[in-house]
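S.K.: Provide a 3D model corresponding to the input given below.
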Amino acid sequence: MLVAAAVCPCPPLLVPEVAAGAAPEMDAARSACTDALGVLAAARPDLLVVVGPAERSGRGPFPEGARGSFRGFGVDVDVRLGPAGDTVPERELPSSLAVGAWLLERTGWADAPIEGLGVGERLEPARCIDTGRQLGARAGRVALLVMGDASACRTLKAPGYLDERAAPFDTQVARALGTADVAAVKALDPEPAYELKASGRAPWQVLAGAAEGADLSGTLLYEDAPYGVGYVVATWS
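M.R.: Numbering: from 1, shown residues only. Okay, the predicted model is just below:
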């Protein structure tokens with residue numbers, strides 16, 4: 001059963017070496033993510049699964065010990081999803097899970113076995129929810145670290161340019177995630193989410209499936225749109 005979840009954004013800019021001179025602009029988001037991971041640790045899960053959006057090559061499960069890298073962003077930073085196992089996984093973590101692994105390493109996570117799951121951004125809501133149900137049944141006490149961004153269309157300089165639908169969409173998302181409103185998260189429409197480049201929609205709906213019947217409460221720790229991209233940090237516990 002799901003006992004706790006942390007929702008965090010997944011821009012590589014969270015990693016100070018990637019952000020370089022702009023690193024201080026993400027300090028508040030980093031701090032909120034650290035607080036969110038503290039909630040996961042306090043829940044004492046038997047299993048932690050990091051869920052995030054992924055391109056085709058990065059979809060599916062990743063075992064503990066899977067490695068990721070930010071070398072593609074010009075920095076010599078490597079991460080690993082928990083301790084190394086007996087074998088080295090062949091696939092590299094997608095960017096979202098690499099950011100999740102970096103957050104876990106930063107907080108010194110050593111509380112439970114860790115796995116990863118890359119989810120396609122266009123995965124249908126029903127399949128997301130079913131995937132979440134399966135994750136929630138994986139162990140007696142399951143925690144999720146759910147990576148994903150809200151819209152990328154909040155300003156003229158945003159990656160997706162300005163779209164007047166973006167701010168209301170992000171408000172809806174922050175309210176649903178901040179109150180652990182399972183029904184509202186399930187109801188998020190995939191089409192406008194995709195058009196607004198909201199990479200978190202599918203992972204959030206995986207969370208909603210896992211949270212069915214868990215009766216968790218939500219707390220919104222952070223909501224802002226630096227660089228025109230909506231970032232939300234919330235906890236469910």
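
S.K.: Return the set of buried residues in the least confident helix or strand in the chain by mean pLDDT.
M.R.: In the chain, the helix or strand scored least confidently by mean pLDDT, DSSP states H and E is helix 16-19, which has a mean of 92. Applying a neighbour-count criterion of 16 or more other CB atoms under 10 Å, one finds P16, V18, A19 buried in helix 16-19. Quick note: C-beta positions are derived from backbone N, CA and C, even for glycine.

S.K.: closest to F70 among these?
M.R.: For the buried residues of helix 16-19, the closest approach to F70 (CB to CB) belongs to V18, at 5.6 Å.

S.K.: so that closest one sits right up against D76, yeah?
M.R.: No. Using CB atoms under 8 Å, V18 makes no contact with D76, being 11.0 Å away.

S.K.: In this structure, where's the longest helix?
M.R.: In terms of residue count, the longest helix belonging to the chain (DSSP state H) is helix 27-42.

S.K.: residues contacting the spatially most central residue of the chain?
M.R.: Nearest to the geometric centre of the chain sits M147, at 0.8 Å (CA atoms, centre = their mean). Going by CB atoms under 8 Å, 6 or more residues apart in numbering, M147 touches 8-10, 50-53, 96-97, 99-100, 200, 203.

S.K.: now swap in L103 and tell me
M.R.: With CB under 8 Å, 6+ apart, L103 has these contacts: C8, L14, C33, T34, L37, L145.

S.K.: what about the second one, neighbour count?
M.R.: The burial metric for L14, expressed as a neighbour count using other CB atoms under 10 Å, is 22.

S.K.: phi, psi of it?
M.R.: Backbone torsions of L14, given as degrees, to the nearest 10, read phi -60, psi -30.

S.K.: quick one: contacts of the least confident helix or strand of the chain?
M.R.: For helix 16-19, contacts defined as CB under 8 Å, 6+ apart pick out P12, L13, A23, E25, M26, F70, F73, G74, V75, D76, V77.

S.K.: Please list the residues outside whichever helix or strand L221 is part of that contact it.
M.R.: Element membership for L221 (DSSP states H and E) is strand 218-224. Strand 218-224 has contacts (CB under 8 Å, 6+ apart) with 28-29, 32-33, 35-36, 170, 174, 177-181, 230-237.

S.K.: Quick one: work out the angle between that strand and helix 27-42.
M.R.: If you take axes from the mean of the first three to the mean of the last three CA atoms, to 10 degrees, strand 218-224 sits at 160 degrees to helix 27-42.

S.K.: Kind regards, and thank you for your time.
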